[in-house]
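# With the sequence up front, the predicted model follows.
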Amino acid sequence: MLKLSKYAALLVAALVLLFCFVTIFSSVETRYECKGNLRFMGETQPKTFYIKLEEYRWWAGLWGDSDASLSVEAPDEWVDHYSHLKKVGNQLQIFDSKKMLAGNFSELSKSLALKTSTGFFDGTCTKVAK
């Protein structure tokens, strides 16, 4: 009986460690500063966005249908979040809350094209430290 409870305790400990590993290491976060132009109603203005890209590991696909999520900030103006991204080759296609294509992010050229509530942004991103 004592041997069985010892194995049960080891099994529980192993499951807890596995759960911690999966939850902690299920995504990789990268932050970027994106400089480009924002077009709205025929006017174009230079703009800087900051984005936080969380790319999910393959096993996260077992419980979700998104390959990543994206947070976008226009400093002192607004913050937005896109929770549904699909990886297609070297691009991440970004979908809005209605699952309509809102833009894309190229992992190769680091370019961001995104339809936001304040216009259409098109720019190039550089990686920044956390």
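Perfect, I can see it now.

# Please make it C-alpha for all contacts and neighbour counts, starting now.
Noted.

# Where does the prediction get shaky in this structure?
Applying pLDDT under 70 to the chain flags the ranges 1-4, 7-27, 57-64.

# All the helices of this structure, residue numbers only.
Remark: helices assigned in the chain by DSSP state H are 2-24.

# all strands of the chain, in order?
Taking DSSP state E as the test, the strands found in the chain are 27-40, 43-56, 68-74, 78-88, 91-95, 101-106, 111-116, 119-128.

# looking at those strands, which is closest to residue 6?
Closest of these to residue 6 is strand 27-40, at 33.4 Å (criterion: C-alpha to C-alpha).

# ok, that closest one: who's next to it in the sheet?
Using DSSP bridges, the strands paired with strand 27-40 are strand 43-56 (antiparallel), strand 119-128 (antiparallel).

# What would stretch 89-109 look like as PDB? C-alpha coordinates only.
Output of stretch 89-109 as PDB, limited to C-alpha atoms (Å, rounded to 0.1, in the frame of the first residue of the first chain):
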ATOM      1  CA  GLY A  89       5.000  30.400 -45.100                       C
ATOM      2  CA  ASN A  90       7.100  33.300 -43.700                       C
ATOM      3  CA  GLN A  91       4.000  35.400 -43.100                       C
ATOM      4  CA  LEU A  92       1.600  35.700 -40.200                       C
ATOM      5  CA  GLN A  93      -1.900  36.600 -41.400                       C
ATOM      6  CA  ILE A  94      -3.700  38.800 -38.900                       C
ATOM      7  CA  PHE A  95      -7.500  38.500 -38.400                       C
ATOM      8  CA  ASP A  96      -9.800  40.900 -36.500                       C
ATOM      9  CA  SER A  97     -12.400  39.800 -34.000                       C
ATOM     10  CA  LYS A  98     -14.800  39.000 -36.800                       C
ATOM     11  CA  LYS A  99     -12.200  36.600 -38.400                       C
ATOM     12  CA  MET A 100     -11.800  39.000 -41.300                       C
ATOM     13  CA  LEU A 101      -8.300  39.500 -42.700                       C
ATOM     14  CA  ALA A 102      -6.900  42.700 -41.200                       C
ATOM     15  CA  GLY A 103      -3.300  42.500 -42.300                       C
ATOM     16  CA  ASN A 104       0.000  40.600 -42.200                       C
ATOM     17  CA  PHE A 105       3.400  40.500 -40.700                       C
ATOM     18  CA  SER A 106       6.400  39.200 -42.600                       C
ATOM     19  CA  GLU A 107       8.800  37.300 -40.500                       C
ATOM     20  CA  LEU A 108      11.300  37.600 -43.400                       C
ATOM     21  CA  SER A 109      11.300  41.300 -44.100                       C
END
